[in-house]
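> requesting a structural model of the entry that follows:
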Amino acid sequence: MKAFAKLSDTEQQEFLKFPVYISLLAANEYGPTDDVDIKAAVEFDHMKTYTCVPLLSGFYAKADELFKNNFIKLDAELPKGKAARTEAIKTKLAELEILLLKFDKDYAAAMHQSMKSFKEHVSSAHWDILDSFLFPVPIKGISY
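The predicted structure is shown next:
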């Protein structure tokens, strides 16, 4: 993870939590974190290790090793109320965004785009499950 050379050890550990905070923010939109949120986030994080742009492969490989434990730990530490939790997560994400300034422009842009797609995927996890439960067989005009 050559790109991380400009970060302190503490900053590196915090930066590896980036996808966890994104996942927790997306999950918070639907209320308390549940097993669906954890499963979707862990699976997508693992998948990102193999599908991300090559520039981010080192980051996702390391983040994947720590993801589930970080998710459970941060979920327990964050405030429980929706508004307070959202504010706390957004504050952490703002701090992590500032760390992006320490990376070169290409790496920072790739990471920003990747985190955006990560949030969109995790945010859709609840809808996908509900949609599949209510309409297990695709019906034109209803489920697509």
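> so what's residue 11 closest to, chain neighbours aside?
Nearest-residue entry for residue 11: residue 99, 5.8 Å, with adjacent residues in sequence omitted and distances by CB to CB, 6 or more residues apart in numbering. For the C-beta atoms, the positions are set from N, CA and C on the backbone; glycine is no exception.
> I misspoke; the intended subject was residue 53.
Spatial nearest neighbour of residue 53, excluding adjacent residues (CB to CB, 6+ apart): residue 110 at 5.2 Å.
> and residue 99, how many neighbours does it have?
Neighbour count of residue 99, defined by other CB atoms under 10 Å: 19.
> which residues touch the host helix or strand of it?
Assigned by DSSP states H and E, residue 99 belongs to helix 82-99. Contact partners of helix 82-99, identified using CB atoms under 8 Å, 6 or more residues apart in numbering, comprise 7, 11, 14-15, 17-18, 21-22, 24-25, 28, 31, 78-79, 112.
> neighbours of the nearest residue to residue 25 once chain neighbours are set aside, just the number please.
Distance criterion CB to CB, 6+ apart; nearest residue to residue 25, sequence neighbours excluded, is residue 89 at 4.6 Å. Residue 89 sits with 22 neighbouring residues when counted by other CB under 10 Å.
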